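Peer 1: Mind folding the following:
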Amino acid sequence: MTDNQTAFFQNQFYGKSILKETDLTTSELNFLVDYGLHLKTLAKQNIHTKLLDGKNIALVFEKNSTRTRSAFTTAANELGAHPVFLGKDDIHLFHKESVEDTAKVLGGMYDAIEFRGYRQSSVEALAEYSGVPVWNGLTDDWHPTQTIPDLITIKENFGKLAGLKVAYLGDGRNNVAHSLLVGCAMAGVNIAIVSPASLQPDPAVVATAQGYAKETGATITITADQAAGLKDANVVTTDVWVSMGEDNWQERIELLLPYQVNMDALAMTGHLDDGQLIVLHCLPAFHDLRTEVGKEVYVKYGLKEMEITDEVFQSKYGRQFDEAENRKHGIKAIMAATLGSQFIPKI
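Peer 2: Numbers count the residues shown, from 1 in each chain. Presented below is the predicted three-dimensional model:
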C-alpha cells in the first residue's frame with residue numbers, strides 16, 4: 001500500500017485535540033455536526049456504539065458546570081469509556097504543580113483529557129505536553145464544545161446550515177460569542193453579533209471569521225444596531241451578561257439591557273409567524289426570580305429578567321433544552337472521532 005493509500009484509510013481526526021474551532025477545517029466541522037446528529041439518532045433508538053471501550057478520560061474542571069460535566073460524563077459512558085472527574089480541589093494544578101507536569105502525569109494514565117477553566121494557555125499546554133487528545137470544555141477565549149452542539153440544534157430544526165442567519169445579542173467579547181462567530185462563518189451561516197460598541201468582538205477574531213466567510217459565502221455583521229442585526233435572523237441567541245469570575249453587574253446591566261432578547265427583538269427578525277425562527281441560550285439563563293442570583297439582582301437593580309425574558313424563554317421559539325441535550329451528542333461526536341477506533345474517510 002502506498003503512503004497516499006495508507007493516509008486515506010486512516011481516521012484523519014484520530015489523536016486530534018480540539019481547543020478552538022480553527023483546529024478544524026470547514027469540512028471537519030460540518031462532519032462533526034452531521035456525526036453528532038447521527039449519534040443522536042442512534043441513541044434515540046437505544047443504540048450505543050462502544051467506540052471508546054476501555055478508554056480512560058480525565059475531566060479536569062477548574063470551573064464548575066452542570067451541562068459540560070454532565071455531557072462529557074454521559075457521552076463517555078455511552079461510548080464505553082470510563083470518565084474520571086478531577087475538580088479544582090482534587091488535583092494540584094497551578095497551586096503545587098505546573099500545567100506541563102500535570103499534563104505529563106495525566107497523559108501517562110489517561111487516553112484523553114477534557115479541560116474547563118480560565119486560561120486558553122492552560123488547555124493548549126495540556127495538549128502540547130500530554131501526548132493525548134485534549135478537548136476544550138470552555139476557557140475565557142473559546143468554547144468549541146458549545147458551538148458544535150449549537151450548530152447541531154440549528155441543523156436539526158432547519159435541515160441545513162448554509163444560508164441561514166444567526167443573531168447573537170449581548171456581550172460580543174466573550175467565549176461563546178467568539179466561538180459562535182467563527183463556527184458560523186466556517187459552516188456558511190450568516191452571523192450578526194449585536195452588541196454595544198464597548199462589548200464587540202476582538203478584531204482578530206472578527207478577521208479570522210471573515211477569512212472563513214470568504215471561503216463559505218457567509219456574511220459577518222458586527223453592529224450596535226438591533227434592527228440591522230436582527231433583520232432576517234432565523235436564530236436569535238444570547239448568553240449571561242456577567243461571566244464567571246466577573247462582578248460588574250451595574251455596568252453590564254446599563255450597557256446590555258437594550259440588547260435583551262424579548263418579543264420586540266424577535267419581531268425585528270420578520271420571522272415571528274412563518275416557522276423560520278428559533279431561540280437558543282447556552283444556559284444558565286436569568287429569566288425569572290427562581291435563582292439566588294436572580295433574586296439578588298432584583299433586590300439591587302430591580303430587574304426580574306436579564307438577558308432573556310421569561311416570555312421568550314418559555315415560548316414556542318425556545319430550543320435551549322434541545323441545545324443542552326445536544327451538548328452530549330456533539331461531544332460524543334468529538335470524542336468518538338478523535339479517540340475512537342473507526343474509519344473516517346478523508347474529507
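
Peer 1: what comes up buried for the helix or strand where T41 lies?
Peer 2: Following DSSP states H and E, one finds T41 within helix 26-44. For helix 26-44, a neighbour-count test (16 or more other C-beta atoms under 10 Å) marks 26, 28-33, 35-37, 39-40, 43 as buried. C-beta coordinates here come from the backbone N, C-alpha and C atoms, glycine included.

Peer 1: possible to save those as CSV with distance to V166?
Peer 2: Formatted as CSV, the buried residues of helix 26-44 follow (distance: C-beta to C-beta, whole Å):
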residue, distance to V166
T26, 16
E28, 20
L29, 15
N30, 16
F31, 20
L32, 18
V33, 14
Y35, 21
G36, 18
L37, 18
L39, 23
K40, 21
A43, 26
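
Peer 1: Turn the residues you listed into a markdown table, columns for distance to Q250 and pLDDT.
Peer 2: Listed next are those as a markdown table, based on distance: C-beta to C-beta, whole Å; pLDDT from 0 to 100:
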| residue | distance to Q250 | pLDDT |
| --- | --- | --- |
| T26 | 41 | 98 |
| E28 | 42 | 97 |
| L29 | 38 | 98 |
| N30 | 42 | 98 |
| F31 | 44 | 97 |
| L32 | 40 | 98 |
| V33 | 39 | 99 |
| Y35 | 44 | 97 |
| G36 | 39 | 98 |
| L37 | 42 | 98 |
| L39 | 44 | 97 |
| K40 | 41 | 98 |
| A43 | 44 | 95 |
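
Peer 1: Identify, from those residues, the entry nearest to I193.
Peer 2: Proximity of the buried residues of helix 26-44 to I193 (C-beta to C-beta) peaks at L29, which lies at 18.9 Å.

Peer 1: From V240, how far out is the closest one?
Peer 2: Separation of L29 from V240 (C-beta to C-beta, to the nearest Å): 25 Å.

Peer 1: Which secondary structure elements does the helix holding T41 sit against?
Peer 2: Helix 26-44 sits against helix 144-158, helix 175-187, helix 203-216, helix 320-339, with contacts defined as 3 or more C-beta pairs under 8 Å, 6 or more residues apart in numbering; DSSP states H and E.

Peer 1: Alpha carbons of the helix or strand following the shortest one, as PDB, please.
Peer 2: Looking back up the chat, that one is helix 175-187. Of the helices and strands lying after helix 175-187 in sequence (DSSP H and E), the nearest is strand 190-194. Extracted C-alpha coordinates of strand 190-194, given in PDB (Å, rounded to 0.1, in the frame of the first residue of the first chain):
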ATOM      1  CA  ASN A 190     -24.600  34.300   8.200                       C
ATOM      2  CA  ILE A 191     -23.800  35.700  11.600                       C
ATOM      3  CA  ALA A 192     -24.500  39.000  13.300                       C
ATOM      4  CA  ILE A 193     -23.000  40.000  16.600                       C
ATOM      5  CA  VAL A 194     -25.300  42.700  18.100                       C
END
